[in-house]
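Structure of the sequence below:
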Amino acid sequence: IVFTEPIDLSNKEINFSYGLSSNSMEEIKPKSIKNFENKLIATFDDLDFVTPVDNHLIPYPKEFQFGFKISNIKSLELSKLKKNYPINFNFVNRISNQKIKTNYIYVSDTMNVSDTEEILNPLIKPIDLFIKESKIPFKVADKNLLLDPGEYIVKKGLIIPADYGLIIRDGVRLKFAPNASIMMFRSLKIQGTEANPVIFEALEKELPWGTFAIITAEEKSEIESLIVSGGSEDTLNGIYSSGQLSFYQSDVDIKNSTFINAKADDSLNIKNAYMKIDKCLFEGNTSDAFDGDWVEGKIENSIFRANKGDGIDFSGSTVISKNNVFEGIGDKAISVGEDSTFYAVNNYIYNSKIGVAGKDSSDVKIYSSLFYKNQTALTLYQKKQVFNGGVGLAVSTLFWDNSNDFTIDNLSELELIGVGSSNKNVDPKIRASDLRIANLSDYYTISDDKKLRFTGKKGSLFSSGPSIEPQLIFNTKLPNLNEFPVGPITK
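Just a heads-up that it's a prediction; the model follows:
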């Protein structure tokens, strides 16, 4: 407990209490109490705080209230109590016996000191007080905050009160101070336009900001024409967010948006949600462009370029990737793991370390796509022993000038139907039918802007793909591939 100047509490009776609410507080006895200059230091040995987790082992916040009472303290002495953060907490992990880092501990930043200590939870903070403390001119409409066009600075971590969503108009530019973040618990609506996008960026270009995180929002968030750059990660209100933009248990549609230069594990991170991503650009991120865990949805008409980690990385998910381009990916263009189901239709994967990796009981189905000049085009394997290998299917797809077209381990299965390749050597573990083996440059050209063009004659080896029944995948109609040349379908 911190005071602004030294204070003698040696003759005072001091009582401590804690609980889940003001109605359930119980007295607790400290192991020791020391009065040192302007600090009162109390140590507790049998006081445990447990962080709860959901069914997917994702931690979620749990509030505890802590109170102290100093008997016979005078008003003058009480006035010396530090106004903000008068109580500093230190915790020790009982298993490792190591001190817990302060960024995993959230203490409300507003306290009303009176005869009875009362802590104001930021999730229920009065909206007028939140706006005043944020120093950003939000407007209030029903249960939404509105932010009109303009440039604003986010100077510190902000937790929007839990009852309020946020609507950001076109032309808003938010500049985040180093490590500053925003967290909210209702939907985010970004209403940018091509001419006037909404921008989230670093206040100081060389110093990353934290994260913008949407947690357990019941209503779907809608993101239109947003540019996000220079963010990283943060732990706010006890919740860790690994992406510069994160949606946890919060459905979202993202259109015409750009995610660049993230400085942490993920540029976009979504967990346990339904999502749609359309016409977006992910470029120049220091690790993964998009990471999704336990998600369901669609990614289409998007570009993933020059990301140092994975282009897209899934676990426990069901996703379709349609009409996307992956170029110059430092690790895996598409990583599919931990019992995921993944469909790729009309994807172009160029100059990457690995095109598609299917692992750990995942099922990967690839239709009418192109793998060009990758180190390894398609690999299937077991990574974690609690799972099996990967299962893969490639239909009417071109494997052109890759260092390795396919690698699979003994626990995995791969089937090829009507694929084209210049490589005559196919691993005997692979089931293959209707293979088209030839010099692909005799039948196709690739322009400088990476567009594929079939130049063969009608009735030639690659002029029509294998005959399959039309399918419907996530409301995406997959036509009879026999009506098109092998490879991506172009019109």
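
For the closest residue in space to Pro149 that isn't next to it in sequence, give me its contacts.
Spatially, and ignoring its direct neighbours in sequence, Pro149 is nearest to Gly171 (3.3 Å; C-beta to C-beta, 6 or more residues apart in numbering). Just so you know, the C-beta spots here come from the backbone N, C-alpha and C atoms, and that holds for glycine as well. Taking C-beta atoms under 8 Å, 6 or more residues apart in numbering, we find Gly171 in contact with Pro149, Gly150, Gly192, Asn196, Val198.

and the gap between Gly171 and Ser287?
Distance, Gly171 to Ser287, by C-beta to C-beta, to the nearest Å: 30 Å.

Among the contacts of Gly171, which pair sits farthest apart?
Gly150 and Gly192 (13.5 Å; C-beta to C-beta).

Look at the two and report which has more neighbours.
Using other C-beta atoms under 10 Å as the criterion, Gly150 and Gly192 rank with Gly192 on top: 22 against 12.

And that one, how close does it get to Arg169?
On the measure of C-beta to C-beta, Gly192 and Arg169 end up 8 Å apart.

how about the CA coordinates for stretch 395-402, as CSV?
Taking only C-alpha atoms (Å, rounded to 0.1, in the frame of the first residue of the first chain), the coordinates of stretch 395-402 have been written out as CSV:
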residue,chain,number,x,y,z
VAL,A,395,-7.6,-32.6,-58.0
SER,A,396,-6.9,-30.8,-61.4
THR,A,397,-4.0,-28.9,-59.8
LEU,A,398,-0.6,-27.9,-61.4
PHE,A,399,2.7,-28.6,-59.6
TRP,A,400,5.2,-26.6,-61.7
ASP,A,401,9.0,-26.2,-61.1
ASN,A,402,8.9,-26.8,-57.4
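
Now it: average pLDDT?
What stretch 395-402 shows for mean pLDDT is 96.

for this protein, which spans come out with low pLDDT?
1-11, 21-24, 36-38, 55-61, 70-88, 102-121, 491 (pLDDT under 70).

longest helix in this structure, by residue count?
helix 127-134 (DSSP state H).

which strands and helices sit next to the very next helix or strand once past it?
Scanning forward in sequence from helix 127-134 by DSSP states H and E, the next helix or strand is strand 139-141. For strand 139-141, the contact count by 3 or more C-beta pairs under 8 Å, 6 or more residues apart in numbering; DSSP states H and E identifies strand 144-147 as packing neighbours.

give me that answer again for 6 Å
Counting contacts by 3 or more C-beta pairs under 6 Å, 6 or more residues apart in numbering; DSSP states H and E, strand 139-141 packs against no other helix or strand.

Numbering from 38 from now on, please.
With the count now opening at 38, the last piece we talked about shows up as strand 176-178.

Sheet partners, orientation included, of it?
strand 181-184 (antiparallel) (DSSP bridges).

Dump the strand it pairs with to CSV, restricted to CA.
Extracted as CSV, the C-alpha positions of strand 181-184 are listed here (Å, rounded to 0.1, in the frame of the first residue of the first chain):
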residue,chain,number,x,y,z
ASN,A,181,-22.4,2.4,-28.9
LEU,A,182,-19.5,4.7,-28.9
LEU,A,183,-19.1,6.7,-32.1
LEU,A,184,-15.8,8.1,-33.5
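
Gly187 pairs with what?
Val209.

ditto for Ser278
Partner residues in beta bridges with Ser278, using DSSP bridges, are Asp271.
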